[in-house]
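>>> would you be able to build a 3D model of this:
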Amino acid sequence: MIQNQNADDIALVAPRQPDRADRVGAGVVSFRCEWVAYALLALVVFALRVAELDTVPPRTGEVTGLLAAWNGDPSPSPLTFWAQRIGFGLMGGTELAGRLFTALAGAAVVFAPLAFRRELGAGRAFLMSLLLGVMPPLFIASRTSEGIVWALLVSAVVLRLALWAYQTGSRALWSAALVALAVLALLTDSTGPLLAVMLMVAGVTAAGWAQAASEEDLDPDLDHPAPRHGDQLAAQLRRLPWDSGLAIGALVVVVTSTLFFTFPNGFGNVGQLLAGTVGLFSNNLPDSPLGAAVFHLPLTVVLAVAGIWVATRSGWSLVDRFWTVWLSLALLVLLLLPGLNNAAAVLLGVPLCGLAASALTAAFYTDPRQSIWVQVEADRGDELASLSLPAAGRWILAPVLFALLLMLSVHFQTLTREFIQVSDGTVFGLVSRIQTRAASPDVNVALLWAFIGSMFVLVGFFLAATIWGNRTSLQGYALGALAFLVVMQVSAGWYTAVFNANDPVEAWDDPVTGRGYALLDQTLADLRLRETLGFPYLPITVVRDPATGVSEDGLLGWLLKDERITFVDSLDAARTAPIVIVSDGYFEDTLEPDLGGSYVGQRFVLARTWTPASLLNADVLAWWFQRRTRAQPFASQSVTLWLRQDVFEGIPLGGSLLD
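Residues are numbered from 1 along each chain as shown. Here you go, the predicted model:
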């Protein structure tokens, strides 16, 4: 059972007494079996991030980083570079080795709120960890070696050190915070410098906002007014040890990027990171991180708005102000920078989870002043009468709303699926289709039950409010929405990252690695087993075609990194070679290239793409609810594996395997 903790535990600056905003904002700050809950969450988070890491082919945007770490080339994320290099050294050049440490870093980000348990309160810290654990953008980014995962992890370290320094006034801790800030800006990801600026602006703005609010409520009769966040922060910022902090930070950056000077070329990763940061302002990627955030986090957005509403009614805490400023800055960044990929959706997702956790914390808060509509004697043990307690109402409403949302989702899926059959994809077209009895009979049933379910949700709230009051009814609805959110987002994240990893209709990568990648890998493995007893010594010639992605730094470059591979620039250079891979886009006028002999070929689709522009009006709902689309994905990168006739018939290649 969840209990309230003394609000002193959430004070940011001792000995300041917490105000009402702190108490209500913290809400649930301790609960029984807390560490059992964390253990169960850790088990689920670890399993979801590690399972199937070695079976899902690398994404098209992931290959560049994998090859950079494998070949020792510059990478825009130094920490990801070393995580992958170390993984390759321990486990070989596999997808599992390249992804494992970043996946573990993503799991650590989920539990970063534990480091702020005193400021957030135990309950809100756990709820935020739960929301981060099921957030699809963070889940997908953790499994695909995105450097922004390391940026978030280092950001938590920066904030923790800065808070300790702020609370104690220690120059040593401020130096450590500046060192961590340098690591965030120069060793994590191209978004690291942006995130560093966002954290500093959010912290200073939240403190100034809190000071302005405290000045409005200042009692002039007090001889010793409470210390104010803005004044304390400004005084400490003026005494920051910039010289020692930045000097040590520069040394840490150099040592880490070069792995204690054992790999001098590693410092080039820092330059690549800064170049990537500049590219965020000039590049024009087709990705939409803001769209990805809204696509995957609709209920989190609703709960975050509820968190802002709770803060405005109950009083703003410093934490709520920090999340709100961060959210505003993230929205601005995602709107203005065209070079961000979809993984940048986590910049918006983290403050959304923080505000949503505030709303959910209020859902557990029991107001002792709320009256009971029926007199209940505590010693009677009357179970029916105990249901009249306001606190019991939320636990009755939560499963009811969860069941209603599940029912609504099923029927909405049936309705939205019918939009694909409407010629113009409009609601009016669907109505006309239903009136002319051209629609499926299931649509009429789904429409009826969707209306009934919606009325149950709406009218049920007002009925419940007459029994338990508005506060308890809202709390029950918030808890029911949380349960539905967890189920929905775990499913969405797993489908996008694993089950439908080769489907470009999922709102993440474009293009995505197709099933042909795994088929080509298996075909080469069978050929390798027959020709070289499984050793990676097949002499493979690849005709380079950068326009379609057939190059050393593409999917084929990673797939064939262990083979005796030769990239050539023309078909003439590949003539009579025993095994040749040619892009289908290289020759459009002929069905078979002239390779100077008789060859047998098989086509493989390495990457597929899909364009959202094919959606018509309400088709967006069918895409959102069920990933059903009017236009199907198509191949964006396909190659043909050509085997010379004698190789195909099993005649040995000849010569030593080591030639």
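
>>> in the stretch 501-650 of the chain, where is pLDDT below threshold?
586-591 (pLDDT under 70).

>>> where do the strands sit along this protein?
Secondary structure of the chain (DSSP state E): strands at 2-3, 30-31, 512-513, 539-543, 564-568, 579-583, 599-609, 634-644.

>>> reformat these as JSON lines; add distance to residue 500 and mean neighbour count.
From N, CA and C alone the C-beta is placed, and that goes for glycine too. Formatted as JSON lines, these follow (distance: least, CB to CB, whole Å; neighbours: other CB atoms under 10 Å):
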{"stretch": "strand 2-3", "distance to residue 500": "37", "mean neighbour count": "16"}
{"stretch": "strand 30-31", "distance to residue 500": "36", "mean neighbour count": "17"}
{"stretch": "strand 512-513", "distance to residue 500": "9", "mean neighbour count": "25"}
{"stretch": "strand 539-543", "distance to residue 500": "29", "mean neighbour count": "21"}
{"stretch": "strand 564-568", "distance to residue 500": "30", "mean neighbour count": "16"}
{"stretch": "strand 579-583", "distance to residue 500": "26", "mean neighbour count": "24"}
{"stretch": "strand 599-609", "distance to residue 500": "12", "mean neighbour count": "20"}
{"stretch": "strand 634-644", "distance to residue 500": "16", "mean neighbour count": "20"}
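
>>> could you dump these to JSON lines with distance to residue 246?
What follows is the strands of the chain, written out as JSON lines (distance: least, CB to CB, whole Å):
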{"stretch": "strand 2-3", "distance to residue 246": "44"}
{"stretch": "strand 30-31", "distance to residue 246": "39"}
{"stretch": "strand 512-513", "distance to residue 246": "42"}
{"stretch": "strand 539-543", "distance to residue 246": "47"}
{"stretch": "strand 564-568", "distance to residue 246": "44"}
{"stretch": "strand 579-583", "distance to residue 246": "49"}
{"stretch": "strand 599-609", "distance to residue 246": "44"}
{"stretch": "strand 634-644", "distance to residue 246": "45"}
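
>>> wait, which of those strands is closest to residue 390?
Among the strands of the chain, the nearest to residue 390 by CB to CB is strand 2-3 (14.8 Å).

>>> quick one: which of the strands of the chain is nearest residue 79?
Of those, the one closest to residue 79 (CB to CB) turns out to be strand 512-513, at 24.2 Å.

>>> just to revisit the earlier point, right, and the strands of the chain - which one's nearest residue 78?
Of these, nearest to residue 78 by CB to CB is strand 512-513, at 25.3 Å.

>>> so residue 440 sits right up against residue 420, yeah?
No: judged on CB atoms under 8 Å, residue 440 makes no contact with residue 420 at a distance of 11.4 Å.

>>> in this protein, which helix or strand is least confident?
strand 2-3 (a mean of 38; mean pLDDT, DSSP states H and E).

>>> any weak-confidence spans in the chain?
Those would be 1-32, 215-230, 367-389, 586-591, 653-659, if you go by pLDDT under 70 across the chain.

>>> mind giving me the packing neighbours of the longest helix anywhere in it?
Identified as the longest helix of the chain according to DSSP state H is helix 390-419. Applying 3 or more CB pairs under 8 Å, 6 or more residues apart in numbering; DSSP states H and E, we find helix 390-419 packed against helix 427-435, helix 441-468, helix 470-494, helix 619-626.

>>> redo the ones you listed as a markdown table? Include mean neighbour count and distance to residue 74.
Converted to a markdown table, the helices and strands packed on helix 390-419 look like this (neighbours: other CB atoms under 10 Å; distance: least, CB to CB, whole Å):
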| stretch | mean neighbour count | distance to residue 74 |
| --- | --- | --- |
| helix 427-435 | 15 | 51 |
| helix 441-468 | 15 | 54 |
| helix 470-494 | 21 | 31 |
| helix 619-626 | 19 | 38 |
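
>>> and the ones you listed: which comes nearest residue 93?
Comparing the helices and strands packed on helix 390-419 by CB to CB, helix 470-494 comes nearest, at 26.1 Å.

>>> now the angle from the closest one to helix 441-468?
140 degrees (axes from the mean of the first three to the mean of the last three CA atoms, to 10 degrees).

>>> angle of helix 470-494 against helix 390-419?
40 degrees.

>>> about what we covered before: indicate which one of the helices and strands packed on helix 390-419 is closest to residue 320.
The nearest among the helices and strands packed on helix 390-419, by CB to CB, is helix 470-494 at 16.2 Å.

>>> which strands and helices sit next to the closest one?
helix 34-50, helix 136-143, helix 289-296, helix 298-314, helix 345-364, helix 390-419, helix 441-468.

>>> the residue nearest to residue 49 when sequence neighbours are not counted: what's it in contact with?
Distance criterion CB to CB, 6 or more residues apart in numbering; nearest residue to residue 49, sequence neighbours excluded, is residue 103 at 4.3 Å. Counting by CB atoms under 8 Å, 6 or more residues apart in numbering, residue 103 touches 49, 50, 53, 142, 143.

>>> repeat that for 10 Å
46, 48-51, 53, 83, 96, 139, 141-145, 149 (CB atoms under 10 Å, 6 or more residues apart in numbering).

>>> which of those are buried?
Among the contacts of residue 103, the ones that count as buried by 16 or more other CB atoms under 10 Å are 48-50, 53, 83, 96, 139, 141-145, 149.

>>> figure out which of the helices and strands packed on helix 390-419 is closest to residue 578.
It is, among those and with distance given as CB to CB, helix 470-494, at 41.5 Å.

>>> and stretch 565-573, end to end?
13 Å (CA to CA, to the nearest Å).

>>> for residue 436, grab the count of nearby residues.
When neighbours are defined as other CB atoms under 10 Å, residue 436 has 8 of them.

>>> still on that earlier bit, let's have the helices and strands packed on helix 390-419 in TSV, adding distance to residue 328.
Below are the helices and strands packed on helix 390-419 laid out as TSV (distance: least, CB to CB, whole Å):
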stretch	distance to residue 328
helix 427-435	34
helix 441-468	30
helix 470-494	23
helix 619-626	26
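
>>> for residue 90, find the nearest of those helices.
helix 470-494 (26.7 Å).

>>> I appreciate the help and will end here.
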